[in-house]
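**Q** sequence and predicted structure are below.
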Amino acid sequence: MARDTTDETPISSVEELADYLASGCKPKDDWRIGTEHEKFPFFVEDNSPVPYDGERSIRALLEGMKETLGWTPIMDEGRIIGLYEPTGMGAISLEPGGQFELSGAPLETIHQTCRESNAHLAQLRQIADPLGIKFLGLGASPKWTLAETPRMPKSRYDIMRNYMPKVGKDGLDMMHRTSTIQVNLDFASEADMRKKMQVSYRLQPIATALFANSPFTEGKPNGLLSWRADIWRDTDNDRAGVLPFVFSDDFGFMDYTQWVLDVPMYFVLREGKYRDCTHVTFRQFMDGALEGEIPDARPNLGDWTNHLSTVFPEVRLKKFMEMRGADGGPWRKICALPALWVGLTYDENALEAADALTRDWTFEDVVAARDAVPREGLNARIRNRTVREIGYDVLRIARNGLQSRARPNSEGFDETHFLAPLEEIVARGTTTAEQMVTEYHSVWGGSIEPVFMEYAY
């Protein structure tokens with residue numbers, strides 16, 4: 001999330017919280033595609049990480065992008081930590097370890113998404129090249145230790161850094177050493193949201209396998225294909241993972257609301273300062289638990305909006321849905337992720353076909369696949385089929401969905417060609433991670449350094 005929200009509208013009931021989610025319902029003609037991607041800045045001369053401060057720094061990149069784009073800076077205690085376009089057409093933010101994130105505008109087609117990513121990377125290169133900085137498109141930092149990884153001066157991250165080790169062993173690695181591509185999608189109604197959420201939860205392990213791209217840690221193979229996905233298995237299980245109630249036939253906005261209410265909070269924002277609230281849930285906050293501890297101790301809509309951004313299930317619900325299962329990756333993958341999920345969910349026949357393919361998968365089936373995929377990739381199984389076999393079906397459905405959408409570019413090509421990198425992976429039978437490990441043991445000569453050249457933007 002690029003920017004924490006301030007909305008002082010008071011909250012008086014749980015129903016209002018569910019209604020906030022429901023207010024995201026919109027007609028199909030208004031559905032949009034919002035794509036986010038993160039990448040690791042590094043110095044070209046020695047492949048070392050880029051600090052926040054200094055002449056060649058994260059801060060310098062943000063200041064340069066501010067001048068280039070004219071966007072409004074996001075400040076935290078006098079330090080620039082991001083930028084946003086005032087009319088809602090995008091934002092740039094920093095993840096805790098300096099991962100540079102573009103949160104894209106809500107766009108109508110994947111052609112526009114790709115142009116947006118291209119423009120962003122070109123603008124960034126303009127600023128970064130003279131500083132000797134490039135960006136790495138991987139799902140996890142392949143070389144730097146946690147101690148070597150810079151820490152961004154963002155107040156909410158200080159609260160998270162203190163809290164994470166109390167609730168899981170991998171939280172600090174998640175924060176500082178992982179990177180993702182994410183797509184945000186719309187829904188028409190509660191029933192439409194339900195079907196899309198259920199299909200997306202079932203298929204998230206397939207996406208994780210197709211995008212597996214983090215096989216290295218601290219300069220050597222880590223034995224996994226997606227270290228990023230494995231890290232999420234022990235980060236904070238109160239707020240992450242596969243949610244069992246989503247699989248219910250009558251799942252709705254209120255069910256998700258009730259779950260989020262009982263997740264411990266990270267913070268509330270009062271008088272421009274982040275107040276540590278990790279000792280209470282949002283439900284306790286509503287019941288008055290912070291009276292006397294913070295100014296304006298009754299919750300408001302901004303508090304709820306911010307709290308919704310601090311839960312991390314495989315698919316996150318806000319006034320839209322966020323697909324969260326993919327590793328960060330090369331440029332073609334930035335366009336492939338929205339192509340996959342738009343193809344599966346924005347065409348009624350495709351959504352019905354994806355639902356039919358997965359309808360008999362249980363919560364336990366999905367959790368088992370989710371646990372296996374970080375290590376086994378396309379060879380993991382759901383019931384009696386491999387992820388690779390299922391991947392053929394999923395990509396065929398997505399291709400049909402994109403063909404049915406029929407959104408051609410100026411040259412007459414529809415959106416189906418954006419699936420090509422994923423179709424290549426399934427046809428080949430090996431993930432990008434497996435390719436990298438093969439190169440590490442052969443042409444790279446057991447060195448991690450070539451990854452910074454071959455997978456840089």
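**A** Received it, and whenever you're ready, just let me know what you need. Numbers count the residues shown, from 1 in each chain.

**Q** and I159, what is it in contact with?
**A** 266-267, 274, 276, 278 (Cβ atoms under 8 Å, 6 or more residues apart in numbering). All C-beta spots, glycine's among them, are computed from the backbone N, C-alpha and C.

**Q** could you pull up phi and psi at it?
**A** Main-chain dihedrals, I159, degrees, to the nearest 10: phi -60, psi -40.

**Q** relative to E8, how far out is it?
**A** Applying Cβ to Cβ, to the nearest Å, the value for I159 to E8 is 21 Å.

**Q** taking the contacts of I159, tell me the two that lie furthest apart.
**A** Y274 and T278 (11.3 Å; Cβ to Cβ).

**Q** okay, the contacts of I159 in a markdown table with pLDDT, neighbour count and secondary structure next?
**A** Putting these into a markdown table (pLDDT from 0 to 100; neighbours: other Cβ atoms under 10 Å; DSSP: H, G, I helix; E, B strand; the rest coil) gives the following:
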| residue | pLDDT | neighbour count | secondary structure |
| --- | --- | --- | --- |
| Y266 | 98 | 22 | coil |
| F267 | 97 | 23 | strand |
| Y274 | 95 | 20 | strand |
| D276 | 97 | 18 | strand |
| T278 | 98 | 15 | coil |
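
**Q** return the member of those nearest to R298.
**A** For the contacts of I159, the nearest to R298 is F267 (15.9 Å; Cβ to Cβ).

**Q** contacts only, for the closest one.
**A** Neighbours of F267 in contact, by Cβ under 8 Å, 6+ apart: 155-156, 159, 274-278, 306.

**Q** ok, now Y440?
**A** 216, 221, 446-448, 451.

**Q** now tabulate these in a markdown table and tack on pLDDT.
**A** Putting the contacts of Y440 into a markdown table (pLDDT from 0 to 100) gives the following:
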| residue | pLDDT |
| --- | --- |
| F216 | 98 |
| P221 | 98 |
| G446 | 98 |
| S447 | 98 |
| I448 | 98 |
| V451 | 98 |
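
**Q** show me those residues that map onto helices.
**A** V451 (DSSP state H).

**Q** out of the contacts of Y440, which is nearest to F285?
**A** Distances from F285 to the contacts of Y440, taken by Cβ to Cβ, are shortest for F216, at 40.9 Å.

**Q** tell me the bridge partners for the closest one.
**A** Under DSSP bridges, the beta-bridge partners of F216 are P221.

**Q** how near is it to L357?
**A** 33 Å.

**Q** of these two, give the one with the bigger neighbour count.
**A** Counted by other Cβ atoms under 10 Å, F216 and L357 do not tie: F216 has more neighbours, with 22 against 18.

**Q** residue ranges for the helices of the stretch 201-350 of the chain, please.
**A** 227-231, 253-261, 282-286, 301-308, 331-345, 348-358 (DSSP state H, counting those that start in this stretch).

**Q** so which of those gets nearest L210?
**A** Across these, closest to L210 is helix 331-345 (Cβ to Cβ), at 7.5 Å.

**Q** and the closest one, what does it pack against?
**A** strand 33-43, helix 110-128, strand 180-185, helix 190-210, strand 321-327, helix 348-358, helix 387-405, helix 420-428 (3 or more Cβ pairs under 8 Å, 6 or more residues apart in numbering; DSSP states H and E).

**Q** could these go into TSV alongside mean pLDDT?
**A** Putting the helices and strands packed on helix 331-345 into TSV (pLDDT from 0 to 100) gives the following:
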stretch	mean pLDDT
strand 33-43	98
helix 110-128	97
strand 180-185	98
helix 190-210	98
strand 321-327	98
helix 348-358	98
helix 387-405	98
helix 420-428	98
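
**Q** who wins for proximity to E16 among the ones you listed?
**A** Among the helices and strands packed on helix 331-345, the nearest to E16 by Cβ to Cβ is helix 190-210 (16.1 Å).

**Q** buried residues, the closest one. List them.
**A** Across helix 190-210, burial judged by 16 or more other Cβ atoms under 10 Å covers 190, 192-210.

**Q** mind giving me the packing neighbours of that helix?
**A** Helix 190-210 sits against strand 315-317, strand 321-327, helix 331-345, helix 348-358, helix 363-376, helix 387-405, helix 420-428, with contacts defined as 3+ Cβ pairs under 8 Å, 6+ apart.

**Q** of all those, which lies closest to P51?
**A** Per Cβ to Cβ, nearest to P51 of the helices and strands packed on helix 190-210: strand 321-327, 24.6 Å.

**Q** just want the angle from the closest one to helix 363-376.
**A** If you take axes from the mean of the first three to the mean of the last three Cα atoms, to 10 degrees, strand 321-327 sits at 40 degrees to helix 363-376.

**Q** which residues are contacting strand 321-327?
**A** Here strand 321-327 has contacts from 138-140, 179-187, 193, 196-197, 200, 204-205, 207-208, 210-214, 226, 228-229, 312-316, 333, 337, 341, using Cβ under 8 Å, 6+ apart.

**Q** look up how far A398 lies from the closest residue to R405 other than its chain neighbours.
**A** Spatial nearest neighbour of R405, chain neighbours left out: D347 (5.8 Å); criterion: Cβ to Cβ, 6 or more residues apart in numbering. Counting by Cβ to Cβ, the gap from D347 to A398 is 9 Å.

**Q** who's more crowded, the two?
**A** Legend: neighbour count by other Cβ under 10 Å for D347 and A398, higher for A398 (29 against 22).
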